[in-house]
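> Sequence and predicted model, in that order:
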Amino acid sequence: MDYLSGLNDQQHKAVTFQGGPLLLLAGAGSGKTRVITTRIAYLIDQLGFSPYSILAVTFTNKAAGEMRERVNSMVPGAENVMIKTFHSFGAWMLRRNGDSLGLKSSFTIYDDDDVNALIKSLVPTASRSEIKQFARDISRCKDDNLSPDDNLTHINSHPNFNNIYLRYEARLKEIGNVDFGDLISLPKKLLSTNKEISSRFQSRFKVILVDEYQDTNRAQFELLQNLTGEDTWVCVVGDDDQSIYKFRGAEVRNILDFDKMFPGTQVIKLEENYRSTGHILSIASAVVKNNLNRLGKTLWTSKGDGLKPTIKYLENGEAEAEFIASKLVDGDLNETAILYRTNAQSRQLESTFIRSGIPYKIIGTLRFYEREEIKDTLALLSFILNSKDEIAFRRVINKPVRGIGKTSLDKIILDSRNYDNDYLETILKTTLLKGKAKKGCTEFYDFISELKELDFTQDLGHFIRRVIEDSGLLDYHRSQDEAIGSGKVDNLEELINSSSKYSGDSALSDFLEAVELDQSSFNRDDEEDDTPKVTLITMHNTKGLEFDRVFITGMENGLFPRSEKLEDDDELEEERRLFYVSITRARKELCFTSCKSRILHGKFIDSSPSIFLGEIPEDFVIGDTPSNSNSFTNSTFKRGDNVYHDDYGSGYIIKVTDNGKHELVLVKFETGQVKQFIPEFSPLEKI
Ligand code: ATP
Ligand code: MG
């Protein structure tokens, strides 16, 4: 039982605890995931549980894969332990037991486009944005386990919403498919309404373990509740400080109220952090303390202080990428991760790394130029330059939908022989199309012809923006962002930004050529080879992971925290939890980067250092100061001054900086809130 030997007392207690319910509540890096894997091994190896009777639920497929490897390496014969995400477990269950709900085992899972099309067929008069709103709100209802019979005015106050939801459900059932939310809500329904199925499942899964429990939503919680019988050994592990998916319906309440929902819960806390060195941990603790809405936990390490993390201020995004590239010359790339708030930020890093020959991989998403919205736009631009480009034409003619299906497309391609393979000319002149397809082609022809007339030599960014807007691609991708928070519009903005340095007659072709070169160099390196690669990853995707060395980039107000989150305290606390998650990924080395300006909408915009940097105690970091600071020598405010603000009350100044134009002061109030102000524009008084 080697696997038990390194555990501390609390971990040992959790691993060997006989019974349930068990709640393991502990900070980052304290071994929660390790307890889950070791507990699985122990239950099989020492208590004689059949692997088949154990279900472990993780947050991502990647985490599930890692957990499987760990378990297999500890006990032989553990392959039959079921390790899945909530959604993949739900799909698995429905494929086997969905017949009583009228589902065939071959059902298809509808994606957002399918869902939108289905709603459109139910409410043909609704506008595109109304349809998206309905889709989003139906999905919200499913996350919250609300049915069309419930009062849903707090979700959507449209008088017909319940009816639309009802008809949507009926239609989906008729077709025999499911949407994403159904993968949780239908299994829950099966269990709560069908005694035979629920006793079968409860007698099969004698042990249920859930990792990252703080990010479960209402529907997932209820599914768990229905899977759990009186004798089930249920164990959940989580950290309220790491709850970062409220926008997807996750409820911190599920963790805070766990012992109310599962009476008799044994709560175990872990306090030793095994991942990070002392300074890193101190920073993480100091930052998260600014949140009022938390249980509060202690974490300590026996590892010693380790290296001091650093803060580096840079001129702009390009300089940031170059700085990081220069640091990557040393150290193990496989053990290095670069974190950012929005996917779009990967573009600059990718481009610099490609030029410097630094191998990288992106986790959880595609490389920038492989992303759907980017490929759509590039195809459209290529088609504007060359209307004989068949591949580009195929990609964009019916996206967003213009009524040109496969048959019409085949006809166009066939007929194009008569027009020198020029697809623009073909769609104008062909006589093979009728009805919707013909109308769609005219629409397409018109906007492409208009765009061809525009001058892009002065401002390519402006031109690309027009292309994205006029083609309907912007609306199309925006709707996906709203549904799943995918950041597609950010990516499109970033593509526009990246084009801003091209001008002159050949601006567009130069731009496309540069992109093409970037792309072809990716293709040369094979994802599967074992050259060490640095990891590029969004903060959200780093849950549960760890690296020796971590760079946290884009530490600027507006970017992180995102500007729309600054106003609302709850939202700001969620951003701060994301910061806490990010910091605690690092084992030994941590570096924050912040830029004085960023390109936004094709122009350099001044940015100010993230308020979160101001929450890092100076003793634990080596910071260079943002340049230009102290240029406000006649400043009336200085660090340590006591101040009063009409809205926030009394507090004291933690930091005085500037963004090159205005003085910025960071204040910590007695309420615990930390806010940044430009004193010139705010009612901040010295007291
Ligand atoms: P997170 O909240 O980030 O998911 P966690 O609580 O799940 O973190 P783990 O990933 O399980 O933490 O553990 C963090 C690191 O500490 C891992 O590398 C793990 O192997 C190591 N670790 C955990 N417990 C011990 C222990 N008792 N002795 C030595 N190393 C340990
Ligand atoms: Mg973990």
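Done, it's in. Ligands and ions are numbered 1, 2, ... in the order given.

> With adjacent residues omitted, what lies nearest to the residue in the stretch 451-600 of the chain that ligand 2 sits nearest to?
Residue of the stretch 451-600 of the chain nearest ligand 2, by C-beta to the ion: Gly544 (4.1 Å). Glycine gets a C-beta too; all of them are placed from N, C-alpha and C. Using C-beta to C-beta, 6 or more residues apart in numbering and skipping residues adjacent in sequence, the residue nearest Gly544 is Ala63, 5.4 Å away.

> cool, Leu190 as well?
Ile197 (5.3 Å).

> Can you tell me the SS state at the one you found?
Of the three states, Ile197 takes helix according to DSSP: H, G, I helix; E, B strand; the rest coil.

> which ones are touching it?
97, 100, 190-191 (C-beta atoms under 8 Å, 6 or more residues apart in numbering).

> At the contact with ligand 1, which residues of the protein appear?
Counting by C-beta under 6 Å from any ligand atom, the chain comes close to ligand 1 at 6-8, 11, 26, 28-34, 239, 242, 274-275, 544, 546, 584.

> Which ones among these lie within strands?
Ala26 (DSSP state E).

> now the residues of the chain next to ligand 1: which count as buried?
The neighbour-count test (16 or more other C-beta atoms under 10 Å) marks 7, 11, 26, 28-34, 239, 242, 274-275, 544, 546, 584 as buried among these.

> OK, now which residue of the stretch 351-500 of the chain is nearest to ligand 2?
Ile363 (15.8 Å).

> Report the separation between that residue and ligand 1.
From Ile363 over to ligand 1 the distance is 15 Å, taken as C-beta to the nearest ligand atom, to the nearest Å.

> ditto for Ile654
27 Å.

> try Arg218
22 Å.

> which ones are touching that residue?
Neighbour list for Arg218: 143-145, 249, 251, 254 [criterion: C-beta under 8 Å, 6+ apart].

> secondary structure element for Leu590?
Leu590 is part of strand 586-595, with elements assigned from DSSP states H and E.

> what's the burial count for Thr636?
Counted with other C-beta atoms under 10 Å, the neighbours of Thr636 add up to 11.

> From here on, call the first residue 97.
All right, first residue 97 from here; so that's Thr732.

> who's in contact with it?
775, 782.

> Same check on Ala415?
Counting by C-beta under 8 Å, 6+ apart, Ala415 makes contact with Cys691.

> From Lys408, how far off is it?
Distance from Ala415 to Lys408, counting by C-beta to C-beta, to the nearest Å: 10 Å.

> what do you get for Ala159?
31 Å.

> same check, this time on Thr249
50 Å.

> Among those two, which residue is more densely surrounded?
Neighbours were counted for Thr249 and for Lys408 using other C-beta under 10 Å; Lys408 has more, 20 against 11.

> near ligand 2, which residues of the chain?
Proximity of the chain to ligand 2 (C-beta under 5 Å from the ion) is limited to residues 128-129, 640.

> Same list (the residues you listed) but as a markdown table, adding distance to Phe543 and pLDDT.
Below are the residues of the chain next to ligand 2 laid out as a markdown table (distance: C-beta to C-beta, whole Å; pLDDT from 0 to 100):
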| residue | distance to Phe543 | pLDDT |
| --- | --- | --- |
| Lys128 | 53 | 97 |
| Thr129 | 51 | 97 |
| Gly640 | 46 | 91 |
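
> Of these, just say which sits nearest to Arg513.
Nearest to Arg513 among the residues of the chain next to ligand 2, counting by C-beta to C-beta, is Gly640 at 55.4 Å.

> looking at the protein, which helix or strand does the model trust least?
Least confident helix or strand of the chain, by mean pLDDT, DSSP states H and E, is helix 603-620 with a mean of 70.

> Could you identify the most distant pair in the contacts of Ile293?
Across those, the longest distance by C-beta to C-beta is 11.4 Å; it joins Ser196 and Leu287.

> Just want the residue of this structure that's nearest ligand 2.
Nearest to ligand 2, among the residues of the chain, is Thr129, at 3.3 Å (C-beta to the ion).

> how about the host helix or strand of Leu524: buried residues?
Following DSSP H and E, one finds Leu524 within helix 519-525. Neighbour-count burial for helix 519-525, with 16+ other C-beta under 10 Å as criterion, is recorded at 519-523.

> Show me what that helix is packed up against.
Contacts defined by 3 or more C-beta pairs under 8 Å, 6 or more residues apart in numbering; DSSP states H and E place helix 519-525 against helix 502-511, helix 531-549.

> what's the closest residue to ligand 1 within the stretch 547-696 of the chain in contact with, if anything?
Nearest residue of the stretch 547-696 of the chain to ligand 1, counting by C-beta to the nearest ligand atom: Gly640, 4.1 Å away. Counting by C-beta under 8 Å, 6+ apart, Gly640 touches 129, 154-156, 159, 307-308.
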